[in-house]
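**Q** No letters, just coordinates:
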């Protein structure tokens with residue numbers, strides 16, 4: 001995995017779930033199934049996520065595909081947009097607002 005995507009995985013996943021540091025990893029309730037005990041882990045060092053409950057896992061691109069219900073190409077476009085947004089210092093609240101416009105116009109012309 002490209003080392004520039006490793007810290008980005010925490011920023012992206014952190015927009016969807018509340019991550020808590022647990023040893024070398026981060027843990028949260030899985031966004032892909034209902035649970036009471038956190039089984040969703042994010043490893044920043046490896047740039048990967050994995051849920052021990054529903055066995056879903058992958059990199060930041062796979063997470064975007066699954067959470068937004070889109071294909072690889074669209075997820076890659078969104079990741080490019082997210083990377084630019086974070087680099088340019090878009091605040092979390094503005095990011096969430098902009099994310100709402102994703103399903104239509106924003107990504108189709110990229």
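**A** Thanks, I have it. Being a predicted model, the structure only gives us computed values, none of them experimental.
**Q** how much distance is there from the helix ranked longest in the chain to the middle of the chain?
**A** Ordering each helix of the chain by length in residues (DSSP state H) puts helix 72-87 first. When distances are taken as CA atoms, centre = their mean, to the nearest Å, helix 72-87 is centred 10 Å away from the chain's centroid.
**Q** before we move on, what about stretch 65-77?
**A** 11 Å.
**Q** Give the rounded mean pLDDT of stretch 50-58.
**A** Regarding stretch 50-58, the rounded mean pLDDT is 97.
**Q** Please read the previous query as pertaining to stretch 10-29.
**A** pLDDT averaged over stretch 10-29 gives 94.
**Q** before we move on, back to that, what packs against the longest helix of the chain?
**A** Helices and strands touching helix 72-87, by 3 or more CB pairs under 8 Å, 6 or more residues apart in numbering; DSSP states H and E, are helix 6-14, helix 60-68, helix 92-99, helix 107-108. For glycine as for every other residue, the C-beta is placed from the backbone atoms N, C-alpha and C.
**Q** how far off helix 72-87 does the second one point, in degrees?
**A** Pointing back at helix 60-68 there. 100 degrees (axes from the mean of the first three to the mean of the last three CA atoms, to 10 degrees).
**Q** So which bits of the longest helix of the chain are buried?
**A** By neighbour count on 16 or more other CB atoms under 10 Å, the buried set for helix 72-87 is 74-75, 77-79, 81-83, 85.
**Q** Stretch 42-61 too?
**A** Within stretch 42-61, the residues scored as buried using 16+ other CB under 10 Å are 42-44, 47-51, 53, 56-57, 59-61.
**Q** if you look at the residues you listed, which of them are in helices?
**A** Filtering the buried residues of stretch 42-61 for helices - DSSP H - leaves 60-61.
**Q** Keep only those of the buried residues of stretch 42-61 that are in strands.
**A** The strands, defined by DSSP state E, take in 42-43, 48-51, 57 from the buried residues of stretch 42-61.
**Q** Looking at those, which one is closest to residue 25?
**A** residue 43 (5.1 Å; CB to CB).
**Q** Quickly list what the residue nearest to the closest one when sequence neighbours are not counted is bridged to.
**A** Excluding the flanking residues, the one nearest residue 43 by CB to CB, 6 or more residues apart in numbering is residue 25, at 5.1 Å. Beta-bridge partners of residue 25, counted by DSSP bridges, are residue 22.
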